[in-house]
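# The sequence and its predicted three-dimensional model are supplied below.
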Amino acid sequence: MTLHSIPAPERKYRVAGHPDLRVAILDVGLACCALEVGAAITAGLLVPEGSVDTGPATSEVSVLLISGTVTDALAPAVIRAWGALAEPRLAVSFGACANTGGPYWDAPTVTKGIDQLIPISVYIPGCPPRPEALIAGLARLASTDGPCQSERGDESP
Ligand code: SF4
């Protein structure tokens, strides 16, 4: 994502182990944690809507998914992405960098947590979190309507 861009429109996925849940994800992947989001798709934990016959979903959640290191220069683009997501919407902070600045928390240009920018409903810890932690966090979203919850993850790389 560049300073002036907004990510591509959200994509819809079914969530493994939660057959009634569909998530429309606007994915803001900024650093290495974004690879774990891709790994969740590759591993079949997030299944692109329409790729298989999954039947009707009874629950759908629009999600802004922030993974990776947010810098103060990128902050306006993150805010624009949040604004571009249709209501009702929820935001997930994926990984230590998005949660707090992570290993770069003391860098002057790194945002110390995206909850300084937008309301977060689920925080997923780890550097990086495992793809399974993303799935657990998305499933948690379906049962929440506001900030803030933490989804336990593997803190080790
Ligand atoms: S939390 Fe760790 S793995 Fe994730 S973006 Fe930051 S440095 Fe990379």
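Good, I have the coordinates. Numbering: from 1, shown residues only.

# low pLDDT regions in this protein?
1-8, 54, 144-157 (pLDDT under 70).

# Can you show me the strands along it?
Assigned by DSSP state E, the strands in the chain fall at 11-15, 18-29, 46-48, 59-67, 89-94, 122-124, 149-150.

# In TSV, list those strands along with mean neighbour count.
Where you see a C-beta, it was placed from the backbone N, CA and C, and this is true even at glycine. Converted to TSV, those look like this (neighbours: other C-beta atoms under 10 Å):
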stretch	mean neighbour count
strand 11-15	20
strand 18-29	20
strand 46-48	17
strand 59-67	22
strand 89-94	26
strand 122-124	26
strand 149-150	15
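
# so which of those gets nearest the ligand?
strand 59-67 (6.8 Å; C-beta to the nearest ligand atom).

# Which strands or helices does the closest one pack on?
For strand 59-67, the packing partners by 3 or more C-beta pairs under 8 Å, 6 or more residues apart in numbering; DSSP states H and E come out as strand 18-29, helix 33-42, helix 75-84, strand 89-94, helix 131-141.

# who touches the residue positioned nearest the centre of the chain in this structure?
Centroid-nearest residue in the chain, with C-alpha atoms, centre = their mean: L65, separated by 2.2 Å. Applying C-beta atoms under 8 Å, 6 or more residues apart in numbering, we find L65 in contact with 25-28, 37, 91-92, 94.

# again, only using 10 Å
7, 10, 23, 25-29, 33-34, 37, 81, 90-94, 98, 122, 124, 134, 137-138 (C-beta atoms under 10 Å, 6 or more residues apart in numbering).

# I'd like the distance from stretch 15-34 to the chain centre, please.
Distance of stretch 15-34 from its chain centroid, counting by C-alpha atoms, centre = their mean, to the nearest Å, is 6 Å.

# brain fart, stretch 88-103
Taking mean C-alpha positions (C-alpha atoms, centre = their mean), stretch 88-103 and its chain are 7 Å apart.

# Stretch 82-91 now?
12 Å.
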